[in-house]
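A.B. asks: Any chance you could fold what I've pasted below:
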Amino acid sequence: MTPSGPERITDDERPPRTPLALGAFALGAILAVAVGVARVWPGAGLSAEALVDLALVVALLTLLGTAALFRYGTQRIRHIDEAAVASVQEREKRLALIVNNTSDLIFLMRILRDPDGRVTGYVTESVNTAYHDVTGLAPEDVLGRRVEEVLSPEHAAYVLTRYEQAVRTSAVLRFEERLTLPTRTVLLETVLAPIADGRGLCTHLLGTARDVTDRRRAEKALQELATRDDLTGVLNRRGFRELVEQEIKVARRTGRVDALCYLDLDEFKPINDEHGHAEGDHALCVVADALRATVRDADIVARLGGDEFVVYAPGLTAAGEGVILARRLERVVRQGSQTRLSSEGKAYRIGCSVGVAELQPNEGFDELLARADAMLYANKVAGRLARESDVSRIVRETKARLRVSSEYEKVGDRPTEPEG
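C.D. replies: Next up is the predicted model:
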């Protein structure tokens, strides 16, 4: 395809030149000169009657030449006009071919106005072939009809808001819209371009829309891979952080009570050692299912790695409720493993230790997770759930017991109760 530009007419396309016109003008010019010479030079020997006859001949030849040139000019203009019209028609065909073979939806909306210039509606004036291929709507179903006559009330209201914004700002507008069809739902990435007349009044909206349903689905799948634990299906550390950081912002703004429970499985290592890693993976999936079945829809469950799980509970009814949730989670893991874990005909079970921390003002994700981890460590060592205020005491008592036990082992005896 050659670049578009001014049409040029070749010599072969030109209408034949008129020899009569050129000859008449040439002869007329010669005779005019002769008449002029005769009038100023008496020696030429021409009578007055001859001069008059000669002038008439000049006039006649000039008239014939003018007529011939006029005819030639008319043919020339007609030929140029026909060539220009043919060029425009050819360009329109090429443009229509391009428009109807693109995979993007292209549509032209005419803006309706009242006598005062206020916008009263939008009518579909033109659509391309892809419009029907994607939406299933035939041209006769949309051409000449208002937006609200074609789309559902909810979708029409959304689209009309975008149309009004494009007309009001006279600027290109980009947005995404979800089009619900009888057989499927399509996500469209739409661009609206206002078209103005010579007075600067917006008369049309040119729209292009691209079906991005598959692309968004692929992006969502990639996001799932990046934020989900591929073994258990719950969130991984990255996905957990992203969601919890958003919940923390909401909690700061509303002052609600949020809590984070940090779980570490007990007796998990022997499962891998005695029954194999496949059974260990099965046990992790059982625990993840049990946690998801226990928490609320608003709660966030994740596996941080290994045998460590976390649950973030936003919007608790009162302070201290996080401890109740932690105890329930501990009980569910223990009971769930009793009914669903077995290997080679032998049932086994696992338990867990839980640390819970309620969100404090101006606390971030890392600080909250660290406090829950500290509670987990204290509870794992102590063998029971503890209040957050008892962390330092439990750690202190545990260290003391370990120190006393070590001293008893050195002397090889145990203390006895004093008598009497």
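
A.B. asks: C-alpha from now on. contacts and neighbour counts both.
C.D. replies: Fine.

A.B. asks: what does stretch 257-277 rub up against?
C.D. replies: By C-alpha atoms under 8 Å, 6 or more residues apart in numbering, the residues outside stretch 257-277 that reach it are 251, 278-280, 307-319, 322, 326, 343, 350-359, 368-369, 372-373, 376.

A.B. asks: Just the buried ones from these?
C.D. replies: 251, 279-280, 307-315, 322, 326, 350-359, 368-369, 372-373, 376 (16 or more other C-alpha atoms under 10 Å).

A.B. asks: Filter those residues down to the ones in strands?
C.D. replies: 308-315, 351-358 (DSSP state E).

A.B. asks: Kindly report the domain assignment for this structure.
C.D. replies: 14-99, 105-215, 233-411 (automatic domain parsing).

A.B. asks: Find the one among those with the highest mean neighbour count.
C.D. replies: Across these, averaging neighbours per residue (mean count of other C-alpha atoms under 10 Å) puts domain 233-411 on top, at a mean of 17.

A.B. asks: between the helix or strand containing Y262 and strand 351-358, how many degrees?
C.D. replies: Under the criterion of DSSP states H and E, Y262 resides in strand 257-266. Angle, strand 257-266 to strand 351-358, by axes from the mean of the first three to the mean of the last three C-alpha atoms, to 10 degrees: 160 degrees.

A.B. asks: quick one: the closest residue to V150 other than its chain neighbours from V186, how far?
C.D. replies: Counting by C-alpha to C-alpha, 6 or more residues apart in numbering, the nearest residue to V150 once its immediate chain neighbours are dropped is V142, at 6.4 Å. Applying C-alpha to C-alpha, to the nearest Å, the value for V142 to V186 is 18 Å.

A.B. asks: Check R253 too.
C.D. replies: From R253 to V186 the distance is 36 Å (C-alpha to C-alpha).

A.B. asks: How about the secondary structure of L187?
C.D. replies: Secondary structure state of L187, per DSSP: H, G, I helix; E, B strand; the rest coil, is strand.

A.B. asks: doesn't F175 make contact with it?
C.D. replies: No - if you go by C-alpha atoms under 8 Å, L187 and F175 don't touch, sitting 10.6 Å apart.

A.B. asks: coming back round to it: mind telling me which of the domains of the chain the model trusts least?
C.D. replies: Among the domains of the chain, domain 14-99 carries the lowest mean pLDDT, a mean of 63.

A.B. asks: okay, the domains of the chain in a markdown table with distance to L225 next?
C.D. replies: Below are the domains of the chain laid out as a markdown table (distance: least, C-alpha to C-alpha, whole Å):
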| stretch | distance to L225 |
| --- | --- |
| domain 14-99 | 38 |
| domain 105-215 | 15 |
| domain 233-411 | 10 |
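
A.B. asks: Out of the ones you listed, flag the one nearest A221.
C.D. replies: domain 105-215 (9.8 Å; C-alpha to C-alpha).

A.B. asks: quick one: the strands in this structure?
C.D. replies: Along the chain, the segments classed as strands by DSSP E run 105-113, 119-127, 173-180, 185-196, 202-211, 257-266, 300-305, 308-316, 342-343, 346-347, 351-358.

A.B. asks: closest to L243 out of these?
C.D. replies: Closest among these, using C-alpha to C-alpha: strand 300-305, at 8.0 Å.

A.B. asks: Identify all contacting residues around that closest one.
C.D. replies: Residues from elsewhere that reach strand 300-305 (C-alpha under 8 Å, 6+ apart): 229, 232, 234-237, 240, 243-244, 288, 291-292, 309-313.

A.B. asks: one more time with 10 Å
C.D. replies: 227-229, 231-241, 243-244, 247, 260-263, 284, 288-289, 291-292, 295, 308-314 (C-alpha atoms under 10 Å, 6 or more residues apart in numbering).

A.B. asks: any idea how far the nearest residue to E148 once chain neighbours are set aside lies from E149?
C.D. replies: Nearest residue to E148 in three dimensions, chain neighbours excluded: A156, at 5.3 Å (C-alpha to C-alpha, 6+ apart). Counting by C-alpha to C-alpha, the gap from A156 to E149 is 9 Å.

A.B. asks: List the contacts of the closest residue to I111 other than its chain neighbours.
C.D. replies: Leaving aside its sequence neighbours, I111 sits nearest to Y122 (C-alpha to C-alpha, 6+ apart; 4.8 Å). Under the criterion of C-alpha under 10 Å, 6+ apart, the neighbours of Y122 are 108-113, 144-148, 160, 163-164, 203-205.

A.B. asks: For D230, see how far away Y122 is.
C.D. replies: Distance, Y122 to D230, using C-alpha to C-alpha: 49 Å.
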